[in-house]
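Q: please find the sequence and the predicted model below.
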Amino acid sequence: MTAWDFVTLDVFTDTRFGGNQLAVFPDARGLTDAQMQSLAAELNLSETTFVLPPEKPGNTARVRIFNRVAEMPFAGHPNVGTGFVLADRATDGLLRFEEIAGLVEVTVQRDAAGVVIGAEIGAPQPLTTGPEMPPALVAGCVGLAESDVVTAAHRPVMASVGNSFVLAEVTPEALGRAKPDLARFAAAALEFPHLGPRRLPLYLYAHAGQGRLRARMFSPLSGTVEDAATGSAATPLVALLLSLGSAPSLRLEITQGVEMGRPSLLSATAYRAADGVRARVAGRCVPVFEGRFRL
């Protein structure tokens, strides 16, 4: 009988049972693609990561990320959490993960006593933007009125730094009322087909004071009705907001997961680089379970 060890942790929080749940298989050698997908579905978390040897010398690992129904090119809390788990493999505090979307650099974060407390990751690609999504279509997916969608800074737009989302600003009051409607999501995916028929992730945000945002992410077509913390959406958002002005950099504290009872805190930073606007996101982690899968 062959066995694979795994751990789970809560990411983007310093409190157990807060943040976003993640499972990590630190040595996934021998697992097939189908087995990885089945394990991700069985564990029923928003994502599960599988760590494999790197393809290029000098990199730390090849990391594969699966949600409940498909493999993902890049994701935020899986990289933060996997960096936390693999901290002992870091060189000068840095890990380098090979992923479908590109190379993800992870900086291990420690407290004053040297204990690992979290990680900061650099998104693998500069900001790109795609088509705008009609405000009425966004609103309908989450039970809001078109007037709840704020378009003063930007209209709802598809954006990515390695994983695409539709980013939309809403009023603070509307953010708390948002409730995903699966049928409306399925219909909207046909009207807005740029993300595929089984994936229409909506990242809604509202301003909550200087340098602070509140956010919620809904992706019911891919099995995540609501996500507690979405680093791969926070990064294109902070990059998009920076791109709308002239400042050299922008830092935001983003609170997510409150309505789910899993409050999360993401520290997102964007900066201008030679190849465009780049972004990073950081957060803390708390270990929860250790387990073993036998085949």
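A: Right, received. Where do you want to start?
Q: CA atoms of the longest helix along the chain as CSV?
A: Using DSSP state H to define each element, the chain has its longest helix at helix 231-243. Extracted C-alpha coordinates of helix 231-243, given in CSV (Å, rounded to 0.1, in the frame of the first residue of the first chain):
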residue,chain,number,x,y,z
GLY,A,231,-5.0,36.3,-3.2
SER,A,232,-5.1,35.8,-7.0
ALA,A,233,-8.0,38.3,-7.2
ALA,A,234,-6.6,40.8,-4.7
THR,A,235,-3.4,41.1,-6.7
PRO,A,236,-5.0,42.1,-10.1
LEU,A,237,-7.3,44.4,-8.1
VAL,A,238,-4.5,46.3,-6.4
ALA,A,239,-2.6,46.3,-9.8
LEU,A,240,-5.7,47.7,-11.6
LEU,A,241,-6.2,50.4,-9.1
LEU,A,242,-2.6,51.5,-9.3
SER,A,243,-2.8,51.5,-13.1
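Q: after that helix, which helix or strand is next? Please name it.
A: As assigned by DSSP states H and E, the chain's next helix or strand after helix 231-243 is strand 249-256.
Q: mind checking how far the nearest residue to Glu169 once chain neighbours are set aside is from Phe165?
A: Leaving aside its chain neighbours, Glu169 sits nearest to Val150 (4.2 Å; criterion: Cβ to Cβ, 6 or more residues apart in numbering). For the C-beta atoms, the positions are set from N, CA and C on the backbone; glycine is no exception. According to Cβ to Cβ, to the nearest Å, Val150 and Phe165 sit 17 Å apart.
Q: what sits closest to Thr107 if chain neighbours are left out?
A: Per Cβ to Cβ, 6+ apart, closest to Thr107 is Glu120, 4.6 Å.
Q: show me what contacts that neighbour?
A: Glu120 sits next to 80, 106-107, 109, 267, 280-282 when contact means Cβ atoms under 8 Å, 6 or more residues apart in numbering.
Q: list phi and psi for it.
A: Main-chain torsions, Glu120, degrees, to the nearest 10: phi -120, psi 130.
Q: show me what it is bridged to.
A: Beta-bridge pairing for Glu120 (DSSP bridges): Thr107, Ala282.
Q: now the helices for the stretch 51-200 of the chain?
A: Along the stretch 51-200 of the chain, the stretches classed as helices by DSSP state H, counting those that start in this stretch are 76-85, 135-141, 172-177, 182-191.
Q: nearest to Tyr205 among those would be which one?
A: Among these, helix 172-177 comes nearest to Tyr205, with 7.4 Å by Cβ to Cβ.
Q: what does that closest one rub up against?
A: Where contact means Cβ under 8 Å, 6+ apart, the residues beyond helix 172-177 that reach it are 143-145, 148-149, 204-208, 214-216, 259.
Q: distance to Thr128 added to the helices of the stretch 51-200 of the chain, as CSV?
A: What follows is the helices of the stretch 51-200 of the chain, written out as CSV (distance: least, Cβ to Cβ, whole Å):
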stretch, distance to Thr128
helix 76-85, 17
helix 135-141, 20
helix 172-177, 26
helix 182-191, 20
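Q: let's have these in TSV, adding mean neighbour count.
A: What follows is the helices of the stretch 51-200 of the chain, written out as TSV (neighbours: other Cβ atoms under 10 Å):
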stretch	mean neighbour count
helix 76-85	30
helix 135-141	21
helix 172-177	15
helix 182-191	15
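Q: quick one on the thing from earlier: compare Val150 and Phe165 and say which one has the larger neighbour count.
A: Neighbour comparison, Val150 and Phe165: the larger count goes to Phe165, with 25 against 19 (by other Cβ atoms under 10 Å).
Q: that one and Thr2: what is the separation?
A: 37 Å.
Q: and for Asp14?
A: For Asp14, the distance to Thr2 (Cβ to Cβ) stands at 36 Å.
Q: of the two, who's got more company?
A: The residue with more neighbours, out of Asp14 and Thr2, is Asp14; 14 against 8, by other Cβ under 10 Å.
Q: tell me the contacts of the spatially closest residue to the more buried one that is not a sequence neighbour?
A: Nearest residue to Asp14 in three dimensions, chain neighbours excluded: Arg284, at 4.5 Å (Cβ to Cβ, 6+ apart). Residues near Arg284 by Cβ under 8 Å, 6+ apart: 12-14, 109, 117-118, 265.
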